[in-house]
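Asker: coords please:
(3 chains)
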Amino acid sequence: MSKTAQQIKNAAKLKKRIRTVIHNGLLAVISFFWLIPIFWLIASAFNTDRGVNIRQFFPTTWTLDNFYQLFFQTDSVANFPRWFLNTLTVAVFACIISSLFVLMVSYTMSRLRFNMRKPLMNVGIILGLFPGVLSMIAIYFILKSLGLTDSLLALIIVYSASSGLGYLVAKGFFDTIPKSLDEAARIDGATQWDVFWRIIIPLSRPIIVYTVLLAFLAPWVDFVFANIIMTSRDTNKFTVAIGLYNMLDRNLVNNYFSLFTAGAVVVSIPISVLFIFMQKFYVEGVTGGSVKG
Amino acid sequence: MKKLFSLMLVLISVFGLAACQPKEEALEEVSLTVWASELDQTLMQTMIESFKEAYKDEAIFTITLGAVSEATAKDQVLNDIEAAADVFAFADDQINELYVAGALQEVQENTAEVIAANGGAEAGAIKAATKNGKLYAYPMTADNGYFLFYDKSVYSENDVKTLDGILAKAQADGSKFTMQINNGWYLYSFFAGAGLQLTYNGTVNSANWNNATGVKVTESIIRMATHPGYINLNDAGFVSGVKDGSVSAGVNGVWNATEAQNKWGANYAATKLPTYTLDGQQVQMSSFAGYKLMGVNALTLQPYWAMKLAEWFTNEDNQILRFQERGLGPSNVNAANSTEVKASPAISALAQQGAFATVQNVGGNYWSPTETFGNMIVNAELTLQGNIQEALNIMVQGIVAQPIG
Amino acid sequence: MHILQHLNRYLVKKLKQLTIQIHSLGSKMKKGFLNLFQDFRFGDIYVKLSLLFMGIGFFRRHQIIKGILFSILQIGFILFLIFTGIPNLSKYNTLGTIQFESVYNPITRRNEVNDYDHSFKILLYGLISIIVIFTYVYIHLKNIQTQRKLQLLEEKGVHINTFKEDLIELKDNRFHVTLLTFPVSGIIFFTIIPLLFMILVAFTNYDQLHMPPTKLFTWVGFRNFEILLTTGSNTVTFGYAFRKVLTWTLTWAFFATFLNYIGGIVLALLINSKYTKVPKLWRTIFVITIAVPQFVSLLLVRHFFADQGIMNTLLSADIPFLNDYSWIDFIRQMGLIKANREFVPFLTDPVWSKVMLILINCWIGFPYVMLITTGVLMNIPKDLYESAEIDGANKFQLFAKITMPYMLFVTAPYLITNFVHNLNNFNVIYLLTSTRVTSNQLLANANASDTDLLVTWLFKLTQDYYNYKMASVIGIMMFLLSAIFTLLAFNYTIKSNKEDRFQ
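Answerer: From the prediction side, this is the model:
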């Protein structure tokens, strides 16, 4: 190779290396700043000081006590194991019902044709424009007249009853499945029922997983509705969200902040993992659509 | 005919005898719910057990205990009065809203005894629990007010008599004195101390804080707020400040006094509020007397037993127990006169301040405007050169506003 | 004036469309009634009788089970009317007149309560009754149509379904009914009815002084709307607060949406660039910050930036190499905080808190946009880039003419929904500033704060001040706001569909 060609090649390599360093370095710096609060969360969970540590970023003394207390020394304020169980129960049932509702509605809107289809879709959009927190007290009262307040059953109902309104994403997915499959099956004598259960559902793995995970995660992060429904203030009936949120109450924060961070770490890990899975399936569902041709 | 008649006679006598037979008195089954502070749960459970024991011959009790902070009891109760506990503890500043919403059951069992035990009809505790001349709650503690506590190694007894003295010493020492002014609770001390009025007639407040004296009072507050020895802190900030040593004196209540005690140890001292300079004169700061009360839910299905339970929680023995376990000052006069109680610095400070304290009787519209007014001073948005009169006018306008609707 | 003209033209067009729709609805209804009348007129005796007894027609046509079911339905409805419908609807004009009274009887040890009116229950059960009545009347009248159809089928000798056959049809031709029954009932009971109820509350005086069961509330017409939309009300300033809160809501939504959009795209490009190693790692790191539940991360950040929080403590340390001159002194010299401050009021000062809110929202917003746009970026056909490069386009032209338009097209719906979502972004604002005190007295008198969105103001009014009536009015305003933006935005994107341009 001639000298100038070699020089050009070297220059190009150098340019590439500089670019690589800049890109990755920039990302590293940005990621660092992005994760600072998370570092603080994890660090505070190991702090011996019970209150909010404001003097130093990292604790002066490290301990595993907070986690121990979280699980094994429950008191009138903190009963984490019970909260975890409560929330898990609610989440599992709400998830099953919600997913069924969402899939049923989105399939109907996507594949079936009937008179009220367009009006129902419009009503769905309009309902979505109202703020959810507005109807809290009315929902509370309806539950009360059914005698259901202060129970986990009430929470399950609240989280799953109106889930049908969230049909848009799943509908989008169903729209990508060709109608030819349906028609072929119906010519062979299948009813709509068969088409739904035997053909479409097995093809919809990504969107089903996405829907299930989305419904599963909701009860873990809601601190508004759950707080209103648990009227007896019996801490044993709380969910994780209410319990942790309560710990930061003015009267309690000085004694419970590091417990809060410990609980937050424990609950964030599974939620984060599930969330990352969910994103993967969402992307697969939206960009993939597993039926070609 | 005769046979029928005698048969009937036999039947009647058999049934009659059966009815007269002394039946085993079935004990009434009573179910009650109680709400008390999260920090009081074990204590309350002990009292519940002793109550069940004391009345075990009269009924079978199922009493459930829930955790609700006394400061937010009103919110929980008013969310749904029917679903709220039968007996609940609350701070006396909430009695107005609870009463207006009809949530409190009038005390109609042993009323005279309760009043006498807590110092008579003119005592602060009873006045705090009385609305329209009737008693609506049982006084539980008498130390929910605020007082001054300080680090003896920084201040002498003479220093803490006046606000100026405190501030000067704090500045010299490099530490701070704190008294939260963006809070209507503490702001009251300055205005009421100067003799200004704040009253509540059951629907609206009335206040004359925006007259010429009010302007002078505000100037004094601003002078304190801008003094290098002063810092404005809320409860959480106060605790952090004490813990890390930056706060050497402050005006606060018993609930944070333990932090100060832990930090200053033997150097912990408490006394009444100081005097402040108003137009060249020394004026004693007033304060809100604070009480914690036990209320009975007006919609309870067991008014008799709920009242008995509330009375039990607040009787002399249990108030002494509460003092021993949690250091909370009793409202019961006998309990308060014991040497143990009198020896507590916080409680004697409150007693001293009691001469200048008024029972809290304000309507809901008092809090937001005063909070904001104080905030304006803290943020230096209202200065000595600013339009103090106008700010006062807007604050008073908010305080005396009619509730909408 | 340009934009107002557009708005005017748009509204005129929409109103015209609406009138046409109402007309067609009206004529459809007219036709429906005409058909009903004809069915009745030409029907046999059983059709006529089913006006009174729903089940009778079915018995005649040998659909016994259906007959029984419909008769039970009818009886159920009548019972409902007697026990719930009539007692509540009769009091609807006043929402109750008998005040709660309770007298303690020391002898019985019970409270004697009068037969009081419970305004809330009257309003709610009355509403449910109205809906039930309308539904039932519809079913009842539709039944006549069904009977006529059955009669015709019978006359023609066509087979009439047995019950079993009807069930089978639910799996096939009427599958949508099967699938929709439960979800739609859930929505009716837990979304529609509560919403209608709250809309009705906006016309009452239900607030802290009128709380059932101990107090009554009643209708007040449009007075609450008046309070909110005018500043006529002299002592308490809801009108002022409404305008301020609305302004901030719109400002916030605008900045939150667009800053996140741009930031997310930049981040996605950075990660997707060919010079970046381990893109999956970088992506996971950013996803972690949004995977942590918001009530944890935001509450934590609130303490992080508190007035006496860790951030301020770090800032009060001296700048390296400078003695006795901390970061806070520096910030003070820049004029960004007031002279007597010793800390930066990140979340308490009106201006600082607004800026911080937007920045913190970026912290949890960038990763979301990055995820979505990454998927889109990876799907842009590479040959587009190649052919453009062959034609001599440079990097910026590639970005501006290919990447951005494609991205905008695909993510336009997301932008719109995100904007509307930010209008109602409860979590971020509430978790970060719910404990904030305002120094704006006029706002404070209406229980609002400088950083409140309409939704957090609404929440505060219901939870802390029980001012349900004003909260409902604000809720209606929020709906109108969201609806206007959604309609405007969808109209715009459909009109300017540039799909063919880059296909």
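Asker: in which helix or strand would I find the closest residue to chain B within chain C?
Answerer: Going by CB to the nearest CB, chain B is nearest to residue C:214 of chain C, at 3.0 Å. Yep, even glycine has a C-beta here, placed from its N, CA and C like the rest. Assigned by DSSP states H and E, residue C:214 falls within no helix or strand.
Asker: Test my guess that it contacts residue B:298.
Answerer: Yes: between residue C:214 and residue B:298 there is a contact under CB atoms under 8 Å: 6.9 Å.
Asker: quick one: the residue lying farthest from the centre of chain C from chain A, how far?
Answerer: Going by CA atoms, centre = their mean, the residue of chain C most distant from its centre is residue C:323, 54.4 Å out. For residue C:323, the distance to chain A (CB to the nearest CB, to the nearest Å) stands at 21 Å.
Asker: Contact partners for residue B:244?
Answerer: Counting by CB atoms under 8 Å, 6 or more residues apart in numbering or on different chains, residue B:244 touches A:54, A:55.
Asker: where along the stretch 301-450 of chain C do the helices fall?
Answerer: C:310-315, C:327-333, C:350-379, C:382-390, C:395-398, C:404-423, C:426-433, C:441-444 (DSSP state H, counting those that start in this stretch).
Asker: about what we covered before: skip the chain neighbours and tell me the closest residue to the residue of chain C closest to chain B.
Answerer: Of all residues not flanking residue C:214 in the chain, residue B:102 sits nearest, at 3.0 Å (CB to CB, 6 or more residues apart in numbering or on different chains).
Asker: Does that neighbour belong to a helix, a strand or coil?
Answerer: Three-state call for residue B:102 (DSSP: H, G, I helix; E, B strand; the rest coil): coil.
Asker: Show the pLDDT at it.
Answerer: Looking at residue B:102, its pLDDT stands at 88.
Asker: same deal with residue B:316?
Answerer: Residue B:316 carries a pLDDT score of 90 in this model.
Asker: unless I'm mixing things up, it is touching residue B:331, no?
Answerer: No: Residue B:316 is beyond contact range of residue B:331, at 10.2 Å (criterion: CB under 8 Å).
Asker: Please work out which residue of the stretch 51-200 of chain A is closest to chain B.
Answerer: For the stretch 51-200 of chain A, CB to the nearest CB, closest residue to chain B: residue A:76, 3.6 Å.
Asker: Tell me the secondary structure at residue B:270.
Answerer: Of the three states, residue B:270 takes strand according to three-state DSSP.
Asker: List the single closest residue to the residue in the stretch 201-350 of chain C that chain A sits nearest to in space, sequence neighbours excluded.
Answerer: Residue of the stretch 201-350 of chain C nearest chain A, by CB to the nearest CB: residue C:291 (3.5 Å). Ranked by CB to CB, 6+ apart and with sequence neighbours excluded, the top spatial neighbour of residue C:291 is residue A:272, at 3.5 Å.
Asker: The one you found looks like it's in a helix, true?
Answerer: Yes: inclusion of residue A:272 in a helix is indicated when three-state DSSP is applied.
Asker: who's in contact with residue C:223?
Answerer: Counting by CB under 8 Å, 6+ apart, residue C:223 makes contact with residue C:205.
Asker: Just the pLDDT for it.
Answerer: For residue C:223, the pLDDT comes out at 85.
Asker: Residue C:495 too?
Answerer: Listed pLDDT for residue C:495 reads 61.
Asker: go on, residue B:11?
Answerer: On pLDDT, residue B:11 comes in at 62.
Asker: Kindly report the same for residue C:3.
Answerer: 63.
Asker: try residue A:289
Answerer: Predicted confidence (pLDDT) for residue A:289: 40.
Asker: what does residue B:112 give?
Answerer: 90.
Asker: what about the strands in chain C?
Answerer: For chain C, the strands defined by DSSP state E cover C:102-105, C:110-113.
Asker: brain fart, the stretch 151-300 of chain B
Answerer: In the stretch 151-300 of chain B, strands defined by DSSP state E, counting those that start in this stretch lie at B:176-178, B:198-200, B:205-207, B:230-231, B:247-252, B:268-271, B:275-278, B:281-284, B:287-289, B:292-296, listed in chain order.
Asker: I'd like to know which of these is closest to chain C.
Answerer: strand B:230-231 (7.7 Å).
Asker: The closest one packs against which elements?
Answerer: Other helices and strands packing on strand B:230-231, by 3 or more CB pairs under 8 Å, 6 or more residues apart in numbering or on different chains; DSSP states H and E, are strand B:176-178.
Asker: what comes into contact with the strand it packs on?
Answerer: B:166-167, B:170, B:229-233, B:237-238, B:241, B:246-251.
Asker: Partner strands of it and their direction?
Answerer: Strand B:176-178 has the following sheet partners, assigned by DSSP bridges: strand B:230-231 (parallel), strand B:247-252 (parallel).
Asker: Reformat the ones you listed as TSV; add distance to residue B:37.
Answerer: Putting the strands paired with strand B:176-178 into TSV (distance: least, CB to CB, whole Å) gives the following:
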stretch	distance to residue B:37
strand B:230-231	28
strand B:247-252	17
